[in-house]
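Engineer: turn this into a model:
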Amino acid sequence: MATVIFSGELEKLTGDIRTEISSTVYRDMVTELVARYPALSRQLLEEMAVAIDGVIIVDPLLEELLEDSEVHFLHFVAGG
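Structural biologist: Have a look, this model is predicted:
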């Protein structure tokens, strides 16, 4: 099962630092997480950047998750 690592605000909303998910596609993982954690919303997760196995993915909706994948949600950083 892939592992999702929560930090900052997401850790406060979920009460967990990490969780394992059975989904094999990012879009399904978001659905699974929203069902598991009522304080999360699809909109919140989709507005965050995501790193899968250490690589930041710009458009992750159809990204495949492997059995040993590690997923991190990151807040976008504005620059200028």
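
Engineer: nearest residue to residue 71 other than its sequence neighbours?
Structural biologist: residue 4 (4.7 Å; CB to CB, 6 or more residues apart in numbering). Every residue, glycine included, has its C-beta placed from N, CA and C.

Engineer: what about the one you found, which SS state?
Structural biologist: strand (DSSP: H, G, I helix; E, B strand; the rest coil).

Engineer: that one: how many residues sit nearby?
Structural biologist: 26 (other CB atoms under 10 Å).

Engineer: specify the beta-bridge partners of it.
Structural biologist: residue 19, residue 71 (DSSP bridges).

Engineer: and the most centrally placed residue in the chain, what is it in contact with?
Structural biologist: The centre of the chain sits closest to residue 73, judged by CA atoms, centre = their mean, with a distance of 4.9 Å. For residue 73, the contacting residues are 4, 6-7, 10, 45, 48-50, by CB atoms under 8 Å, 6 or more residues apart in numbering.

Engineer: state the mean pLDDT of the helix or strand containing residue 44.
Structural biologist: Per DSSP states H and E: residue 44 is located in helix 42-46. Helix 42-46 comes out with an average pLDDT of 92.

Engineer: and the next helix or strand past that helix?
Structural biologist: From helix 42-46, the next helix or strand downstream (DSSP H and E) is strand 49-52.

Engineer: that following strand - contacts with which helices or strands?
Structural biologist: strand 55-57, strand 70-74 (3 or more CB pairs under 8 Å, 6 or more residues apart in numbering; DSSP states H and E).
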